[in-house]
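Asks: structure, please.
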Amino acid sequence: MRALGCLLVAFQALGLAAAPRARAADDPAATATVIPDDAMARYLADLEKSKRLPTETVSLETLAATLAAAEDRLIHGDPREATRLLYGLVESPRYRPWQDTAPYQNAEFLLGRALARGGAVLSGERYLLRVLRRGPAAAYYVPAHRALVDLALQTRAYGRLLVALEELPSTGAPLPRDSQSERAYLKARVAYERGDIDVAQGEYAKIDKLSRLFPGAAYFRGLIAARQRHWAEARAAFCEIAGQKGQDRVAFNVDERFFALKDLARLALGRIAHERNNFDEAYYFYFSIPEESERLAEALFEAAWSMYEKGENDAARAFSEQFDKLFPQSPLRPEVALLRANLDVKSCAFDRARVTVAALLQTYAPIAAEVGKSLGDQARRQALVERLLSHEAALGPYTDADGVTLSLLKLDDRFSALQAALRQIDVDMAEATRSLSAWQELALAARSRDKVQAAPSSAEAAQLLAEVEALVPLLGADRPLNDKLGDLLLDVTMKAFPPSSAGPYEAEVRAAAALGRRLRALRAQMSEAAGALALASLRDLDDRLRAILRQGRLTHIDAVVGKKKKLEIEIANIYKGKLPHELFIKLQAEGAIGDDEEYWPFEGVHFSDEYENFR
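Replies: As a prediction, the model looks like this:
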């Protein structure tokens, strides 16, 4: 059973089931509903036919009990164990007679969710579509439709899943109102991605206000209007999310994405107000973003810049200081340092501005040079990407030059999704390796029972295998080289100890080996995609740093010129008999003491009872 458990997890992790196909009409367990078949179903059916599954009594009660256990595992964050339990319900021929009951359909729905949550997204989609094929009148149609749309939003596969939904067979039943809004949202996202703004606006307008996707539709309507510089229309759309009327009640249904959207809408409203020079209004919207928001760093920086443009230097400086305190590792810190230098120039603190600019140039000029080198050196870029994808990337803060460069990158959600997926693939590869070992152990045990000794195919193959195995401890963190060695080790192992062409578990051993290769190939493709995103972020960082350094040098010139003009004004005033404030105070103090006296500035502490007018 240990091998069976490993293979169940490996199948669901890899998502390698074949394309759905109808079960044979002569299946004695089949009823009116046609259930798609896949590799896991065939595997469990074969185990059932060969009497390798443990004998147990099944009933609607055992189905409900197993379903409850799977739900508990899913709630407590263990989707893989939930998947194992649900596969035993949904794909076992024993439970096929109850396929038209609500508990069985709930198991199908939960299996789709568990697979997706465990990282097997395509397998999860297949089971959710299996629920939807039962038609809108089925008990779990609406939640399955919602879960599939969530997967489309999570994976950005809007077009592919929209096609899959629209190709579902028609049962004559009308599509539920909520599902109609979700279809319209997917159509709008597809149109928006291809740049068809008119179609996108039309589809967004069809979304019902009670739909959970209405806030997202309102945000995109505002985004489209803002890009067209229709500020009033954009502001009205964003206000539907950020400041709906009647705060004592919710104007529409919401999901976990709503609060992030609300913060984005507030940020957008602040930017619109800033664009229209309504700095007080911009301050209000920036200030309304809560402290726990992921957008707080952007809000603080933009609020500081807005106050700077208004001329509220003290408020701008307070925002920049709060930014430094809360976000010392933010990618925006070069921009904030430049803003602080500009504030010093505007406040006539020219010496401090020159110090700030000097520190800015000293800190970021070498980083800009390293970024330029990385853009021209593929090996160096690959090393940076591998470091970004490693576990170290989540630890921080960085202290070395490469680490500081990585901390300045603006990486979007797509990179974070690839990062999480690659970590999951590493787990899956380890499980696939364990599954291969389990099948090989079963094959060895079967051959031992048949008195067949496992021996290498040749002395040369055995020697080559030993040499390749000796290379494994010598490898470091070079992921591409590790992947190549993994493929080589697998190939050499299969050559040295080939499975018997007619022996037990031969097909399983070959299938498990193929799965390992496919996983490594998939990881290489995802690493390449992550590298492309990182390259785009590096180019953006190169542009940002060049612009900041150029502006910093101009600010340094402004500080020098300002200092020169300030001195010229002071000299002109002295020539006219007008003393600067600082010099006047100093001369006033020196003129009040005798020749035999010495002035000592106060260095103690004033207590409240020392003041005559203390109340």
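Asks: CA only for contacts and neighbour counts going forward, please
Replies: Fine.
Asks: in the stretch 501-615 of the chain, which spans are helices?
Replies: Counting by DSSP state H, counting those that start in this stretch, the segments of the stretch 501-615 of the chain that form helices are 506-575, 581-591.
Asks: any chance of these in JSON lines with mean pLDDT as columns?
Replies: Conversion of those to JSON lines gives the following (pLDDT from 0 to 100):
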{"stretch": "helix 506-575", "mean pLDDT": "86"}
{"stretch": "helix 581-591", "mean pLDDT": "63"}
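Asks: dump those to a markdown table, plus mean neighbour count and distance to Thr62.
Replies: Below are those laid out as a markdown table (neighbours: other CA atoms under 10 Å; distance: least, CA to CA, whole Å):
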| stretch | mean neighbour count | distance to Thr62 |
| --- | --- | --- |
| helix 506-575 | 17 | 30 |
| helix 581-591 | 11 | 88 |
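Asks: output those helices as CSV; include the columns distance to Val385.
Replies: Putting the helices of the stretch 501-615 of the chain into CSV (distance: least, CA to CA, whole Å) gives the following:
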stretch, distance to Val385
helix 506-575, 6
helix 581-591, 54
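Asks: okay, strands next: where are they in the protein?
Replies: Using DSSP state E, the strands of the chain run over 21-22, 36-37.
Asks: lowest-confidence stretch among the ones you listed?
Replies: Note on those: strand 21-22 shows the lowest mean pLDDT, a mean of 31.
Asks: among the helices of the stretch 501-615 of the chain, which comes closest to Arg80?
Replies: Taking CA to CA as the criterion, Arg80 comes closest to helix 506-575 out of the helices of the stretch 501-615 of the chain, the separation being 17.8 Å.
Asks: the closest one packs against which elements?
Replies: Under the contact definition 3 or more CA pairs under 8 Å, 6 or more residues apart in numbering; DSSP states H and E, helix 506-575 sits against helix 333-346, helix 350-375, helix 378-389, helix 413-449, helix 479-496.
Asks: output those helices in JSON lines; the columns should cover mean neighbour count and mean pLDDT.
Replies: What follows is the helices and strands packed on helix 506-575, written out as JSON lines (neighbours: other CA atoms under 10 Å; pLDDT from 0 to 100):
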{"stretch": "helix 333-346", "mean neighbour count": "21", "mean pLDDT": "93"}
{"stretch": "helix 350-375", "mean neighbour count": "18", "mean pLDDT": "91"}
{"stretch": "helix 378-389", "mean neighbour count": "18", "mean pLDDT": "82"}
{"stretch": "helix 413-449", "mean neighbour count": "17", "mean pLDDT": "74"}
{"stretch": "helix 479-496", "mean neighbour count": "17", "mean pLDDT": "65"}
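Asks: for Ala147, which of the ones you listed is the nearest?
Replies: With CA to CA as the yardstick, what comes closest out of those is helix 413-449 (17.9 Å).
Asks: report the inter-axis angle for the closest one versus helix 378-389.
Replies: With axes from the mean of the first three to the mean of the last three CA atoms, to 10 degrees defining the directions, helix 413-449 sits at 80 degrees from helix 378-389.
Asks: which helices and strands sit right next to helix 413-449?
Replies: When contacts are defined as 3+ CA pairs under 8 Å, 6+ apart, helix 413-449 packs onto helix 2-14, helix 506-575.
Asks: save those helices as CSV, and put in distance to Gln419 too.
Replies: Putting the helices and strands packed on helix 413-449 into CSV (distance: least, CA to CA, whole Å) gives the following:
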stretch, distance to Gln419
helix 2-14, 17
helix 506-575, 8
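Asks: Gln228 is nearest to which of those?
Replies: Proximity to Gln228, assessed across the helices and strands packed on helix 413-449 by CA to CA, is greatest for helix 506-575 (24.0 Å).
Asks: chain center to the closest one: distance?
Replies: Put simply, helix 506-575 sits 19 Å off its chain's centre (CA atoms, centre = their mean, to the nearest Å).
Asks: what angle do that helix and helix 378-389 make?
Replies: Here helix 506-575 points in a direction 100 degrees away from that of helix 378-389 (the same axes, to 10 degrees).
Asks: ok, Ala184 to Ser407 distance?
Replies: According to CA to CA, to the nearest Å, Ala184 stands 39 Å off from Ser407.
Asks: how about Glu91?
Replies: Counting by CA to CA, the gap from Glu91 to Ser407 is 47 Å.
Asks: picking that back up, okay if I get the helices and strands packed on helix 506-575 as CSV plus distance to Ala297?
Replies: As requested, the helices and strands packed on helix 506-575 are exported to CSV (distance: least, CA to CA, whole Å):
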stretch, distance to Ala297
helix 333-346, 10
helix 350-375, 19
helix 378-389, 21
helix 413-449, 17
helix 479-496, 34
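Asks: quick one: which of these is nearest Arg156?
Replies: Proximity to Arg156, assessed across these by CA to CA, is greatest for helix 413-449 (9.0 Å).
Asks: roughly how far is that closest one from the heart of the chain?
Replies: Helix 413-449 has its C-alpha centroid displaced from the chain centroid by 24 Å (CA atoms, centre = their mean).
Asks: same question, stretch 564-578
Replies: In terms of CA atoms, centre = their mean, the gap separating the centre of stretch 564-578 from the centre of its chain is 58 Å.
Asks: ok so, going back, mind checking the helices of the stretch 501-615 of the chain for the one nearest to Ala236?
Replies: If we rank those by CA to CA, the stretch that ends up nearest is helix 506-575, at 31.7 Å.
Asks: quick check: the most centrally placed residue in the chain vs Gln525, distance?
Replies: Centrality entry for the chain: nearest residue to the mean C-alpha point is Ser416, 3.3 Å, by CA atoms, centre = their mean. If you measure Ser416 against Gln525 using CA to CA, the figure is 16 Å.
Asks: again with Phe327
Replies: Summarising the geometry, the distance separating Phe327 from Gln525, computed by CA to CA, is 34 Å.
Asks: next: Arg546.
Replies: On the measure of CA to CA, Arg546 and Gln525 end up 32 Å apart.
Asks: please report phi then psi for Pro328.
Replies: Backbone geometry at Pro328, expressed as degrees, to the nearest 10, gives phi -70, psi -20.
Asks: give me the neighbour count for it.
Replies: For Pro328, the count of nearby residues is 12 (other CA atoms under 10 Å).
Asks: state the pLDDT value of it.
Replies: In the predicted model, Pro328 carries a pLDDT score of 88.
Asks: then Ala39?
Replies: Ala39 carries a pLDDT value of 66.
Asks: and what of Lys578?
Replies: At Lys578, the predicted lDDT confidence score is 72.
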